[in-house]
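*Asks:* Generate a structure from the sequence data that follows.
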Amino acid sequence: MTAGERQQGTRTQAGTSRRRLLAAAAAAPVLAGAGPAAAQARPARAAGADRWAVEPVHTRETEWGGVAHALGRGGNMLRGLIYHTGFPRRDLYVFSDGVHVTPGLALGTHVAFVRYADGSTMLMGDVVVTEDEIQQVSEAWQEHGIEQTALHKHLLAQSPDLWWTHVHAHGHDPVALARGLRAGFDRTGTPPARPPEHVPVDLDTAAVEAVLGVKGSVEDGIFKCLFLRRETIVDGHLALPPGLGSTSAFNFQPLGGGRAALSGDFAMVADEVQDVLRTLLRGGINLVELHNHHLSEHPRLFFTHVWAVGDAVEIARALRPAVDVTNVVPAG
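*Replies:* Coordinates of the predicted model:
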């Protein structure tokens, strides 16, 4: 190496160090001014990235009263970090593959709000719309600063025709975000809130849990199994709480006699996609979609929605090898 090359290398290292110091200095005033919660929420290292991200902070359900009022219904806290609200489309009577799809299986709109150490709030959600609704809903969200990051299907052939669209927004006024979201919902047939139905689940849930290696839950007549990505996922400059926008979820709707309809979703990084798809096809699981849910996340995530009808335990056996090739842990 020549003297000139050594000198150039020294300048490059010094410039890199200076950029890192400046970035840290720029973040310090933001975190220092965010109050006691920020002091406990140190920046998170983005997996595989040479940068830091702002962490979410814990909140209480009572802090989201303005959001609940704007949305027209209450929500609940998930893991102390995510304020979650569901909007099941109980107004829709949907069939797919000869199965009457209940709202809990695949017709559940979900939105989440997260507070960050810099005082900002992020909104993220997945919304069920009919084909007749999608254009006017999109126009309303665009008018109110609500971004759409994906538009796709969760089911194969279905009647009526449905779409699922992911929404995203970030700002310092969570109530304004909720109002913008509500402007879109008001252009759909989404019905008013009502208590969930307590429907017995006629499945061998213990056997499904044993096969998948996860503790499931029952909600609105559906048996649900959830896995979380191990990595810290960063969206832009914000670290996502575990389980937000990065889950593999499997919903089982009982059909009688131990049979079930499965509607599921795998969260994968690029190196896992082909192994998951091959494994699912070998197990007789139908592929529905392969797509992204985010625009600026790191590491990059891909999602594949799946469908199956058959014995619930056998479906679980077909899913387990695909789960095992992804970097996930059981939720809860």
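*Asks:* Mind listing what's buried along stretch 84-99?
*Replies:* Within stretch 84-99, the residues that count as buried by 16 or more other CB atoms under 10 Å are 84, 85, 86, 87, 88, 89, 90, 92, 94, 96, 99. Every C-beta, even on glycine, is put in place using the N, C-alpha and C of the backbone.
*Asks:* Can you pull the poorly scored residue ranges out of the protein?
*Replies:* Scanning the chain for pLDDT under 70 picks out 1-51.
*Asks:* middle-most residue in it, spatially?
*Replies:* In the chain, the residue lying closest to the centroid (CA atoms, centre = their mean) is residue 245, at 2.4 Å.
*Asks:* Quick check: it touching residue 124?
*Replies:* Yes - judged on CB atoms under 8 Å, residue 245 makes contact with residue 124 at a distance of 5.6 Å.
*Asks:* so where do the helices sit in this protein?
*Replies:* Ranges of helices in the chain, per DSSP state H, are 3-32, 36-40, 65-71, 103-106, 134-143, 174-185, 205-212, 270-282, 312-324.
*Asks:* do you know how far residue 184 is from residue 283?
*Replies:* 37 Å (CB to CB, to the nearest Å).
*Asks:* Compare these two and say which is more crowded by neighbours.
*Replies:* residue 184 (25 against 17; other CB atoms under 10 Å).
*Asks:* OK, contacts around the more buried one?
*Replies:* With contact set as CB atoms under 8 Å, 6 or more residues apart in numbering, residue 184 has these partners: 127, 137, 138, 140, 141, 144, 146, 167.
*Asks:* about what we covered before: any idea which of the buried residues of stretch 84-99 is closest to residue 307?
*Replies:* The shortest approach to residue 307 among the buried residues of stretch 84-99 belongs to residue 96, at 7.5 Å (CB to CB).
*Asks:* what bridges to the closest one?
*Replies:* Beta bridges link residue 96 to residue 99, residue 158, judged by DSSP bridges.
*Asks:* hang on, it packs against residue 307?
*Replies:* Yes - using CB under 8 Å, residue 96 is in contact with residue 307, at 7.5 Å.
*Asks:* Give me the common contacts of these two.
*Replies:* Joint contacts of residue 96 and residue 307 (CB under 8 Å, 6+ apart) are 155, 156.
*Asks:* Show me what stretch 150-163 is in contact with.
*Replies:* 92, 94-97, 101, 106-107, 128-131, 134, 164-166, 263, 265, 286, 288-289, 291-294, 305, 307.
*Asks:* Which of those are buried? Put it as a ChimeraX command.
*Replies:* Selection of buried members from the contacts of stretch 150-163 for ChimeraX, criterion 16+ other CB under 10 Å:
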select :92,94,96,101,106,107,128,129,130,134,164,165,166,263,265,288,289,293,294,305,307
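*Asks:* Most neighbours among the contacts of residue 184, which one?
*Replies:* Neighbour max across the contacts of residue 184 (other CB under 10 Å) = residue 127, 26 neighbours.
*Asks:* Look up the closest residue to that residue, ignoring the ones flanking it.
*Replies:* residue 109 (4.7 Å; CB to CB, 6 or more residues apart in numbering).
*Asks:* Equivalent analysis for residue 103, please.
*Replies:* Per CB to CB, 6+ apart, closest to residue 103 is residue 88, 3.8 Å.
*Asks:* doesn't residue 110 make contact with the one you found?
*Replies:* No - here residue 88 does not reach residue 110: they are 9.3 Å apart, not a contact under CB under 8 Å.
*Asks:* so who does the residue nearest to residue 127 touch?
*Replies:* Taking CB under 8 Å, 6+ apart, one finds 86, 87, 88, 89, 125, 126, 127, 128, 185, 190 in contact with residue 109.
*Asks:* go again using 7 Å as the cut-off
*Replies:* Residues in contact with residue 109 (CB atoms under 7 Å, 6 or more residues apart in numbering) are 86, 87, 89, 126, 127, 128, 190.
*Asks:* try residue 249
*Replies:* Applying CB under 7 Å, 6+ apart, the residues contacting residue 249 are 224, 226, 264, 265.
*Asks:* Show me which of those are buried.
*Replies:* 224, 226, 264, 265.
*Asks:* ok, of these, which one's closest to residue 317?
*Replies:* Using CB to CB, the buried ones among the contacts of residue 249 come closest to residue 317 at residue 264, 13.8 Å.
*Asks:* In the sheet, which residues pair with that closest one? Tell me.
*Replies:* Applying DSSP bridges, one finds that residue 264 bridges with residue 250, residue 306.
*Asks:* Next, work out how far apart it and residue 96 are.
*Replies:* Taken as CB to CB, the span from residue 264 to residue 96 is 14 Å.
*Asks:* which one of the contacts of residue 184 sits closest to residue 56?
*Replies:* residue 167 (18.2 Å).
*Asks:* hey, what's that closest one bridged with?
*Replies:* Residues in beta-bridge contact with residue 167 (DSSP bridges): residue 125, residue 148.
*Asks:* Please report the distance of it from residue 76.
*Replies:* As judged by CB to CB, residue 167 and residue 76 stand 19 Å apart.
*Asks:* Over to residue 323?
*Replies:* To residue 76, residue 323 is 26 Å away according to CB to CB.
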